[in-house]
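[1] quick one: sequence plus predicted model below, questions after.
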Amino acid sequence: MSETYYLLFFFIIYAFFGWCLEVVYQAVEHGKFINRGFLNGPYCPIYGFGVIIVSGALDPIKGNLIVLYAGSVVLTSILELATGFLLDKIFSMHWWDYSGERLNLGGYICLKFSLLWGVACIVTVRLIHPAVSGFVGLIPYKAGCVIIAVSLIGFTSDLIVTVLAIIHYKKRILLLENIAAQMRKVSDAAGERLFGAVETAKARKEVLDEKNADNLRRLEELRERYRAYSEKIEHNIRRIMRSFPTLSQIRAVNFREQLEELRKNLSDNDSNEQK
């Protein structure tokens, strides 16, 4: 059996183990099941890649517990920092946030979890990985190739669908932000005219001229566009938002905050119209 065969099998197994670990952690933390994963399937790729890198790099020093632990903390911190940073740059999103934890770096890593990852790595390198290696060796080669092929096809398809959904989501955010900006512009214009009319005719109640009516019609059009786009949130985006409750965007507020801002804008404009 080739080294590539083993590495692919390790990736699949540890990606699944990582997903299980995340589900258990979320169940303990929040008291409910959360499909905690970047993708739809039961796997977290970062764990698959992470364990392969960690086990390969730290295997030579696994005999020295102190050195193994120190190396685990440093290596896992670098991997988590690099992964979080790259995901930010690729998707313009913060997929996890340790900002609320002490001694954190950019919200990507923090001392508490780095120390915990160190413990997890010791258990993995010394106990779990040798057992997994023995298990993989017992699987018939042809059957193993079929398992790898099916798993990778499913993983690749899932990755493509999820990435396309996120790209579409980002475009929708930009569109919603543009609509919000136009709504604010129209609202400000109408408000300035109302203020000017009140100043010039203190007791007048009918202060909307034809231009104000045009502004309000435009506002209604923007409102309908907002409702249409905000209601079309795909299944993948809903799942991702449930999986990553702290998901945020670097360039703006997160999606839920954006919707809340738009809803407030609509509410304020409705109040102005009633007045």
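    Nice, I can see it.
[2] would you map the strands across the stretch 51-200 of the chain?
    93-94, 104-105, 109-110 (DSSP state E, counting those that start in this stretch).
[3] nearest to Cys20, out of those?
    Distance to Cys20, taken as CB to CB, is lowest for strand 109-110 among these, at 22.4 Å. Every C-beta, even on glycine, is put in place using the N, C-alpha and C of the backbone.
[4] show me what the closest one is in contact with.
    Contact with strand 109-110 is made by Ser77, Glu80, Leu81, Gly84, Tyr98, Glu101, Arg102, Leu103, Asn104, as judged by CB atoms under 8 Å, 6 or more residues apart in numbering.
[5] hmm, which of those are the buried ones?
    In these, burial by neighbour count holds for Ser77, Glu80, Gly84, Tyr98, Asn104, counting by 16 or more other CB atoms under 10 Å.
[6] would you format the residues you listed as JSON lines with distance to Ile122 included?
    Formatted as JSON lines, the buried ones among the contacts of strand 109-110 follow (distance: CB to CB, whole Å):
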{"residue": "Ser77", "distance to Ile122": "15"}
{"residue": "Glu80", "distance to Ile122": "17"}
{"residue": "Gly84", "distance to Ile122": "23"}
{"residue": "Tyr98", "distance to Ile122": "22"}
{"residue": "Asn104", "distance to Ile122": "23"}
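[7] make TSV from these and add pLDDT and distance to Ile148 to it.
    TSV is the format used below for the buried ones among the contacts of strand 109-110 (pLDDT from 0 to 100; distance: CB to CB, whole Å):
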residue	pLDDT	distance to Ile148
Ser77	95	30
Glu80	93	26
Gly84	89	28
Tyr98	91	34
Asn104	93	37
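[8] just those now: which is nearest Ser92?
    Looking across the buried ones among the contacts of strand 109-110 and measuring by CB to CB, the closest to Ser92 is Gly84, at 12.7 Å.
[9] isn't that closest one right up against Trp95?
    Yes - between Gly84 and Trp95 there is a contact at 6.7 Å, judged by CB atoms under 8 Å.
[10] dump the contacts of strand 109-110 into TSV; add distance to Val54 as well.
    Listed next are the contacts of strand 109-110 as TSV, based on distance: CB to CB, whole Å:
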residue	distance to Val54
Ser77	11
Glu80	11
Leu81	14
Gly84	17
Tyr98	20
Glu101	22
Arg102	25
Leu103	22
Asn104	21
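[11] which pair in those residues spans the largest distance?
    Gly84 and Arg102 (17.7 Å).
[12] look up how far Leu68 lies from the residue nearest to Ile128 when sequence neighbours are not counted.
    Spatial nearest neighbour of Ile128, excluding adjacent residues (CB to CB, 6 or more residues apart in numbering): Phe17 at 7.9 Å. Here the criterion is CB to CB, to the nearest Å. By it, Phe17 lies 20 Å from Leu68.
[13] also Arg126?
    Look at Arg126 and Leu68: by CB to CB, they are 8 Å apart.
[14] now for the two: what residues contact both?
    Common contact partners of Arg126 and Leu68 (CB under 8 Å, 6+ apart): Lys62.
[15] quick one: end-to-end length of stretch 123-140, please.
    With CA to CA, to the nearest Å applied, stretch 123-140 spans 27 Å between its terminal residues.
[16] pLDDT on that stretch, on average?
    The average pLDDT for stretch 123-140 rounds to 94.
[17] pull out the buried positions in it.
    So for stretch 123-140, counting by 16+ other CB under 10 Å, buried means Thr124, Val125, Ile128, His129, Val132, Val136.
[18] name the nearest of those relative to Phe9.
    Relative to Phe9, the closest of these is Val136; by CB to CB it sits at 4.8 Å.
[19] and Ile66, how many neighbours?
    8 (other CB atoms under 10 Å).
[20] still on that earlier bit, burial of the residue nearest to Ile128, as a residue count?
    Neighbours of Phe17 (other CB under 10 Å): 18.
[21] right, and Val51 touches Tyr14 too?
    Yes - between Val51 and Tyr14 there is a contact under CB under 8 Å: 4.1 Å.
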